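Colleague: any chance you can model this:
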Amino acid sequence: MPTFAQDLVLTALARGVAGDQPGGLKLLEPVVAAGPALTYELLGLLADATLQPATSANGPGLRYRAEVDDPAGLAGLPEHLQFAARFIAAWVSGDQAEATALFRAADRAPRTTGGDDVLTDAITAVFAFAVAAAEHIVHQQNRPRTERSAPFGRSDSACQAG
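Modeller: Alright, predicted model coming up:
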């Protein structure tokens with residue numbers, strides 16, 4: 001049976017898929033306001049949702065890594081997108097040490113000169129990735145069976161997420 005947090009994430013993702021990402025994020029605000037422990041759990045649920053197609057297709061126990069088609073790699077991305085890609089890959093790969101270190105760094109980061117909160121931007125980015133994955137699942141389910149494809153099929157022994 002899903003937990004309250006899981007139900008909340010599913011409801012927020014449904015809103016995001018329906019085109020209301022701000023409304024979906026608003027539903028998650030009480031969890032974030034409850035403190036770092038619940039925020040970390042929330043990010044984990046969103047990470048699981050993001051790579052659900054990959055973990056369903058490939059099975060458990062694989063390591064995922066984030067890759068970017070840019071000469072600068074992840075370093076060429078804004079900080080919140082770097083966090084999202086790295087956190088999702090670490091969480092789904094079972095690397096709790098890395099996921100925790102990333103979360104703590106974002107949680108403790110000072111506000112930027114523009115007043116932006118690094119953790120808030122990071123949560124927004126992870127949520128956006130999860131919504132995109134959910135949209136893909138909905139799209140796949142709405143296609144005729146003969147047209148469906150494995151979105152993150154195993155291509156080699158080192159599966160990638162990115």
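Colleague: which elements pack onto the longest helix seen in the chain?
Modeller: In the chain, taking DSSP state H as the definition, the longest helix is helix 118-142. Counting contacts by 3 or more Cβ pairs under 8 Å, 6 or more residues apart in numbering; DSSP states H and E, helix 118-142 packs against helix 4-17, helix 21-33, helix 36-50, helix 52-58, helix 79-93, helix 96-108. Just so you know, the C-beta spots here come from the backbone N, C-alpha and C atoms, and that holds for glycine as well.
Colleague: ok, residues contacting the last one?
Modeller: Among residues not part of helix 96-108, those counted as contacts by Cβ atoms under 8 Å, 6 or more residues apart in numbering are 36, 39-40, 43-44, 47, 83, 86-87, 90-91, 118-119, 122.
Colleague: before we move on, back to that, just the angle for the longest helix of the chain relative to helix 21-33, thanks.
Modeller: Relative orientation of helix 118-142 versus helix 21-33 (axes from the mean of the first three to the mean of the last three Cα atoms, to 10 degrees): 130 degrees.
Colleague: in helix 118-142, what counts as buried?
Modeller: 118-119, 121-131, 133-134, 137 (16 or more other Cβ atoms under 10 Å).
Colleague: what do you get for stretch 3-12?
Modeller: 5, 8-9, 12.
Colleague: rounded mean pLDDT for it, please.
Modeller: Stretch 3-12 shows a mean pLDDT of 86.
Colleague: would you turn the buried residues of stretch 3-12 into TSV with distance to residue 104?
Modeller: Below are the buried residues of stretch 3-12 laid out as TSV (distance: Cβ to Cβ, whole Å):
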residue	distance to residue 104
5	20
8	23
9	22
12	24
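Colleague: of those residues, closest to residue 19?
Modeller: Taking Cβ to Cβ as the measure, residue 19 sits nearest to residue 12 out of the buried residues of stretch 3-12, at 13.2 Å.
Colleague: right, I'll leave it there.
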